[in-house]
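Undergrad: just coords:
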């Protein structure tokens, strides 16, 4: 398609910046603060955007401003265009992690924060002291919305169901093992299935249910286990296990770290469990961003490089 330079010159690129902020915040006041202009200037920009696109774009609703179907259709193309413009104008800058100043917001479970966050922070303080991390708890229900609104740079989790404008990459694969306090349960690895079922278990579940992959595997054998505690916090589990004659089944990398730190014992599980894949997800508009790409490559290096999920 040939570019009509005369027609395009009539479009103020700043209006697209304002539109992106309005669609992300769905509030004139918050959008104005986001890009550092006054509320009246943002209201004026919205009025000009409505004329430009021949659509209301945002309408008032009880819970704020609601985007029209036309506005929703514009959201991804506008974000992509702005990201490409940003990359273009920075193209001559050589990315140097030693001098760059930037904050990355990453959503991840506490298990990944323990495994990757510690190594990532140590590396950044040595090699990229101007890069700061804002780590947030994983909210699966609103994860894609947060990515699309540019409130998250990256998410790390077991699995993702992204859309066409999301990218994902495998970080590492992990297996399951059993973790316990040998002094309290009187067991040595490898433990038997009878012993596995004889002791009560601690389950980690981010969902409001006392059921996990172990229960599914046991059900196929016509068996079940007794749960003593169900907790949403991975970091609490090893302390619970250390204090009582109970068992827990968790990802091997995390269990080995807890075993070494707290004097616990690790054993293969006596029931077959599938491996898990831990990956990262980001908005496609950041795919060629030098700093973002550097961070993704660093995370893969720290986790152990693996092929792509998709």
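TA: Perfect, thanks for sending it. Just so it is clear, the model here is predicted, and its values are computed rather than measured.
Undergrad: check contacts around residue 268.
TA: Going by C-beta atoms under 8 Å, 6 or more residues apart in numbering, residue 268 touches 177, 178, 189, 190. Glycine gets a C-beta too; all of them are placed from N, C-alpha and C.
Undergrad: how does it look with 6 Å?
TA: Neighbouring residues of residue 268 by C-beta atoms under 6 Å, 6 or more residues apart in numbering: residue 190.
Undergrad: what's across from it in the sheet?
TA: In this entry, residue 268 is beta-bridged to residue 177, by DSSP bridges.
Undergrad: Per-residue pLDDT of it, please?
TA: Looking at residue 268, its pLDDT is 97.
Undergrad: got a list of what residue 76 touches?
TA: Residue 76 makes contacts with residue 165, as judged by C-beta under 6 Å, 6+ apart.
Undergrad: how far away is it from residue 85?
TA: Distance of residue 76 to residue 85, given as C-beta to C-beta, to the nearest Å: 15 Å.
Undergrad: contacting residues for residue 109?
TA: Residues near residue 109 by C-beta under 6 Å, 6+ apart: residue 138.
Undergrad: What about it? Give its phi and psi, please.
TA: Main-chain dihedrals, residue 109, degrees, to the nearest 10: phi -70, psi 160.
Undergrad: Check residue 19 too.
TA: According to degrees, to the nearest 10, residue 19 has phi -60, psi -40.
Undergrad: now residue 162, what's its secondary structure?
TA: The three-state label given to residue 162 by DSSP: H, G, I helix; E, B strand; the rest coil is coil.
Undergrad: Which pLDDT does the model give it?
TA: 81.
Undergrad: Tally up the residues packed near it, please.
TA: 18 (other C-beta atoms under 10 Å).
Undergrad: and if you look at residue 151?
TA: Residues near residue 151, counting by other C-beta under 10 Å: 14.
Undergrad: So it lies in a strand, does it not?
TA: No. Going by three-state DSSP, the assignment for residue 151 is coil, not a strand.
Undergrad: Grab the longest helix from this protein for me.
TA: In the chain, with assignment by DSSP state H, the single longest helix is helix 69-89.
Undergrad: right, and the helix or strand after that one?
TA: Counting by DSSP states H and E, the next helix or strand C-terminal to helix 69-89 is strand 102-107.
Undergrad: ranges for the strands of the stretch 101-250 of the chain?
TA: In the stretch 101-250 of the chain, the strands defined using DSSP state E, counting those that start in this stretch lie at 102-107, 131-136, 154-157, 166-174, 176-180, 201-204, 227-231, 247-251.
Undergrad: Can you give me the first-to-last residue distance of stretch 114-133?
TA: For stretch 114-133, the first and last residues are 14 Å from each other (C-alpha to C-alpha, to the nearest Å).
Undergrad: ok, residues contacting it?
TA: 97, 100, 101, 102, 103, 104, 253, 302.
Undergrad: May I see the buried residues of it?
TA: Of all the residues in stretch 114-133, those buried under the rule 16 or more other C-beta atoms under 10 Å are 114, 115, 116, 117, 120, 123, 124, 128, 131, 133.
Undergrad: in the stretch 101-250 of the chain, which ranges drop under the pLDDT threshold?
TA: For the stretch 101-250 of the chain, no stretch has pLDDT under 70.
Undergrad: one step back: pull out the buried positions in the longest helix of the chain.
TA: Counting neighbours by 16+ other C-beta under 10 Å, helix 69-89 gives 71, 74, 75, 76, 78, 79, 82, 83 as buried.
Undergrad: Which of those residues sits closest to residue 273?
TA: Ranked by distance to residue 273 (C-beta to C-beta), the buried residues of helix 69-89 are led by residue 76 at 38.1 Å.
Undergrad: Could you check how far residue 138 is from residue 209?
TA: 17 Å.
Undergrad: Which of these two has more residues huddled nearby?
TA: Each of residue 138 and residue 209 has its neighbours counted (other C-beta under 10 Å); residue 138 has more, 19 against 10.
Undergrad: Any chance of the backbone angles for the more buried one?
TA: Dihedral angles for residue 138 - degrees, to the nearest 10 - are phi -80, psi 120.
Undergrad: ok, now which ones touch it?
TA: With contact taken as C-beta under 6 Å, 6+ apart, residue 138 is in contact with 107, 108, 109, 157.
Undergrad: No more questions from me, cheers.
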